[in-house]
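Colleague: Predicted model follows, preceded by the sequence.
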Amino acid sequence: MAKAIMIQGTMSNAGKSLLAGGLCRIFKQDGYKVAPFKSQNMALNSFITKEGLEMGRAQVMQAEAAGIEPSVLMNPILLKPTNDVGSQVIVNGEVLGTMSARDYFAYKKNLWGEILKAYHTLEEQNDIIVIEGAGSPAEINLKEDDIVNMGMAKMAKAPVLLAGDIDRGGVFAQLYGTVMLLEEEERRMIKGLIINKFRGDKTILDPGVAMLEEKCQIPVVGVAPYLDVQIDDEDSLSEHISRQKEAAEIDLAVIRLPRLSNFTDFDPFENIPGVSVRYIRHPKDLGSPDMILLPGTKNTMDDLLWMRQCGLEAAILKEAAKGKIIFGVCGGYQMLGETLSDPFHVEAGGEIRGMGLLPMETVFTKEKTRTRVEGNFRSLGGPLEKLSRVLVEGYEIHMGETRRKEGAFEAVEITDGVTGEQKIDGTWKENVYGTYIHGVFDRQEVVKAVLEAIGEKKGIDVSAMAASNHREFKEKQYNLLADGLRKYLDMEQIYKILEAGL
């Protein structure tokens, strides 16, 4: 049976996902068969497995770091917030229903059986399981029936490494306060502390580290620096979304919707010299981009109304009228049509007017489409004509059906990876394009065609703006992450903790 080790954090966004991913890559490099696990994930960034099941992208990233195929066994419960007080509950990759926070809190103890079944299956298949917690184990109002932090560690007999985020300040108080708010039995389960996201001279920290170890009676097993790696983040708190950027020679503007999902769709454009990917929340920040990207969202109708109210819709329509390229993915694609109808109250119910940029209509359905796809763009016109016949692959995850009307052109022909069905996806007209395919830009050839099309339209040479192979790029980033953690974590001590267990 596999040995287990668990990464918990003093707060959300303390770096648990990357630490867990880094350990997965280190253990893989050291010759072990390793898998990630997170019993319950709350995120809008999700992924579809080859079986057509839905899971959180953080565990997909960790599976890639471990060199294995992602599986819903690694994330048996996924919560996708639909509003401020409720979430869609996904169990073993399939939708269970939508619950309020209070209802889910009362219900979640019923999910222990599914969690144990998934974990024990992974345990039988691997040498090491790297478990990730959620939020903080010291949320004393939520500790009853805990299924994701100390409750999970106890069940898996997994020693815990507790990480604090020094970048946001108060890391000693974070770590000490978290430890002190735990029950005595829970404190004994924490075998190491990690100070994460450090910038500067580590020797300045040494007196504080010594005092922290004395007060907590737990060793600090590493001071991990702020590593400059480009790896999928857990959610839209990601820094590269929040960071303000200047427009580059080729400027792409992504609309930062309130319930933005799967923003990783646009990662292949990041880090290309001469290309900027800016996330926009206000009309004044839009500027004059070469291409406007409307991303996926967990609540298409509400986010469209938000754009309408804040003035972004009008700004986008103005740019579209100038001939700028508009490209929508999933929920962003649905917004581009003439109407959105919700007869079954999948979202808010009722019907609203779309942006009217594509002659099509969307009706939300009770069943969620979940599948992997591959195929190619059809013969396109307009500024993205260079995408014609270019290969594409990705996955669909949506709860709506879109019907093209007169004047709309088919965009992509694909094969459903689950059913084997041949089908048409997406729509284009003039300078506006849309598709349900997440990962539509992942292939190097797609990015190259987009950059060449924009460069030709602007009369600039884009030959130096080479798109890298996205998979190869990610492999290099996982190795950089592992190298950085090996340098700053006491891996000899971590192996001892892993071997000793609880």
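Modeller: Good, I have the coordinates. On a predicted model such as this, the values are computed, not experimentally measured, just so you know.
Colleague: how close does residue 179 get to residue 501?
Modeller: Residue 179 is 20 Å from residue 501, where distance means CB to CB, to the nearest Å. Any C-beta I mention is one placed from the backbone N, CA and C, and that applies to glycine too.
Colleague: neighbour-wise, which of the two wins?
Modeller: residue 179 (21 against 13; other CB atoms under 10 Å).
Colleague: count of residues packed around the closest residue to that one other than its chain neighbours?
Modeller: Distance criterion CB to CB, 6 or more residues apart in numbering; nearest residue to residue 179, sequence neighbours excluded, is residue 216 at 5.0 Å. Number of residues near residue 216 (other CB under 10 Å) recorded here: 19.
Colleague: what's residue 216 in contact with, if anything?
Modeller: 175-176, 179, 193 (CB atoms under 8 Å, 6 or more residues apart in numbering).
Colleague: Give me the domain ranges for this protein.
Modeller: Domain assignment for the chain by automatic domain parsing gives 3-231+475-500, 250-459.
Colleague: Now the terminal residues of the first one, how far apart.
Modeller: It stands for domain 3-231+475-500. End-to-end distance for domain 3-231+475-500, by CA to CA, to the nearest Å: 9 Å.
Colleague: Could you pull up phi and psi at residue 445?
Modeller: phi -70, psi -30 (degrees, to the nearest 10).
Colleague: per-residue confidence at the closest residue to it other than its chain neighbours?
Modeller: Counting by CB to CB, 6+ apart, residue 445 lies nearest to residue 390, which is 5.2 Å off, once chain neighbours are set aside. Here the pLDDT value assigned to residue 390 is 98.
Colleague: Residue 390 - how many residues pack around it?
Modeller: 17.
Colleague: Just read off the phi/psi values of it.
Modeller: phi -70, psi 140.
Colleague: where's it relative to residue 1, distance?
Modeller: 47 Å.
Colleague: for the closest residue to residue 361 other than its chain neighbours, what are its contacts?
Modeller: Of all residues not flanking residue 361 in the chain, residue 339 sits nearest, at 4.6 Å (CB to CB, 6+ apart). By CB under 8 Å, 6+ apart, the contact set of residue 339 is 351-354, 361-362.
Colleague: mean confidence for the lengthiest helix in the chain?
Modeller: Looking across the chain with DSSP state H, the single longest helix is helix 470-488. Helix 470-488 shows a mean pLDDT of 94.
Colleague: Any buried residues in the next helix or strand after it, and which?
Modeller: Note on helix 470-488: by DSSP states H and E, the next helix or strand toward the C-terminus is helix 491-500. Residues 491, 494, 497-498 are the ones in helix 491-500 that count as buried (16 or more other CB atoms under 10 Å).
Colleague: pLDDT and distance to residue 377 for the residues you listed - can I get that in CSV?
Modeller: Below are those laid out as CSV (pLDDT from 0 to 100; distance: CB to CB, whole Å):
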residue, pLDDT, distance to residue 377
491, 98, 46
494, 98, 47
497, 98, 50
498, 98, 47
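Colleague: Tell me the one of those nearest residue 70?
Modeller: Residue 70 lies nearest to residue 498 out of the buried residues of helix 491-500, by CB to CB, at 23.0 Å.
Colleague: Next one: that closest one relative to residue 127, how far apart?
Modeller: Residue 498 is 10 Å from residue 127, by CB to CB.
Colleague: if we can go back for a sec, residues in contact with the residue nearest to residue 445?
Modeller: Neighbours of residue 390 in contact, by CB under 8 Å, 6+ apart: 376-377, 443, 445-446, 449.
Colleague: Check the spacing between the residue lying closest to residue 394 once chain neighbours are set aside and residue 293 real quick.
Modeller: Excluding the flanking residues, the one nearest residue 394 by CB to CB, 6+ apart is residue 439, at 3.0 Å. As judged by CB to CB, residue 439 and residue 293 stand 14 Å apart.
Colleague: what does residue 247 give?
Modeller: Distance of residue 247 to residue 293, given as CB to CB: 14 Å.
Colleague: between the two, who's got more neighbours?
Modeller: Using other CB under 10 Å, the more surrounded residue of residue 247 and residue 293 is residue 293, with 23 against 14.
Colleague: For the more buried one, which three-state class applies?
Modeller: Using DSSP: H, G, I helix; E, B strand; the rest coil, the secondary structure recorded for residue 293 is strand.
Colleague: Tell me what it is bridged to.
Modeller: residue 254, residue 327 (DSSP bridges).
Colleague: Pull the contacting residues for it.
Modeller: Residue 293 sits next to 252-255, 266, 327-329, 332 when contact means CB under 8 Å, 6+ apart.
Colleague: picking that back up, which two among the contacts of residue 216 are spaced furthest apart?
Modeller: 176 and 193 (9.3 Å).
Colleague: Can you report how many residues neighbour the residue lying closest to residue 211 once chain neighbours are set aside?
Modeller: Excluding the flanking residues, the one nearest residue 211 by CB to CB, 6+ apart is residue 172, at 7.6 Å. Per other CB under 10 Å, the neighbour tally for residue 172 reads 18.
Colleague: Buried residues of stretch 383-396, list them for me.
Modeller: 383-384, 386-387, 390, 392-396.
Colleague: In the protein, where is pLDDT below threshold?
Modeller: Applying pLDDT under 70 to the chain picks out residues 233-240.
Colleague: And the strands in the stretch 201-350 of the chain?
Modeller: Taking DSSP state E, counting those that start in this stretch to define them, one finds strands in the stretch 201-350 of the chain at 220-225, 250-255, 260-261, 275-280, 291-294, 296-297, 325-329, 339-342, 350-353.
Colleague: And whichever strand in the chain runs longest, what's buried?
Modeller: The longest strand of the chain (DSSP state E) is strand 360-377. For strand 360-377, the neighbour count (16+ other CB under 10 Å) marks 360-364, 368-373, 375, 377 as buried.
Colleague: And stretch 283-299, by the same measure?
Modeller: For stretch 283-299, by 16+ other CB under 10 Å, it's 283, 286, 289-299.
Colleague: cool, and stretch 418-434?
Modeller: 418, 425-434.
Colleague: how about those residues in JSON lines, adding secondary structure and distance to residue 273?
Modeller: Listed next are the buried residues of stretch 418-434 as JSON lines, based on DSSP: H, G, I helix; E, B strand; the rest coil; distance: CB to CB, whole Å:
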{"residue": "418", "secondary structure": "coil", "distance to residue 273": "38"}
{"residue": "425", "secondary structure": "strand", "distance to residue 273": "32"}
{"residue": "426", "secondary structure": "strand", "distance to residue 273": "29"}
{"residue": "427", "secondary structure": "strand", "distance to residue 273": "32"}
{"residue": "428", "secondary structure": "strand", "distance to residue 273": "29"}
{"residue": "429", "secondary structure": "strand", "distance to residue 273": "32"}
{"residue": "430", "secondary structure": "coil", "distance to residue 273": "30"}
{"residue": "431", "secondary structure": "coil", "distance to residue 273": "26"}
{"residue": "432", "secondary structure": "strand", "distance to residue 273": "28"}
{"residue": "433", "secondary structure": "strand", "distance to residue 273": "25"}
{"residue": "434", "secondary structure": "strand", "distance to residue 273": "28"}
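Colleague: ok, of those residues, which one's closest to residue 106?
Modeller: residue 418 (33.7 Å).
Colleague: for that closest one, phi and psi?
Modeller: Phi and psi for residue 418, reported as degrees, to the nearest 10, are phi -90, psi -50.
Colleague: how far does the helix or strand immediately after the longest strand of the chain in the chain sit from the chain's center?
Modeller: Remark: after strand 360-377, the chain's next helix or strand is strand 391-404, criterion DSSP H and E. Distance, stretch centre to chain centre, for strand 391-404: 18 Å (CA atoms, centre = their mean, to the nearest Å).
Colleague: angle of strand 391-404 against strand 325-329?
Modeller: For strand 391-404 against strand 325-329, the angle by axes from the mean of the first three to the mean of the last three CA atoms, to 10 degrees is 90 degrees.
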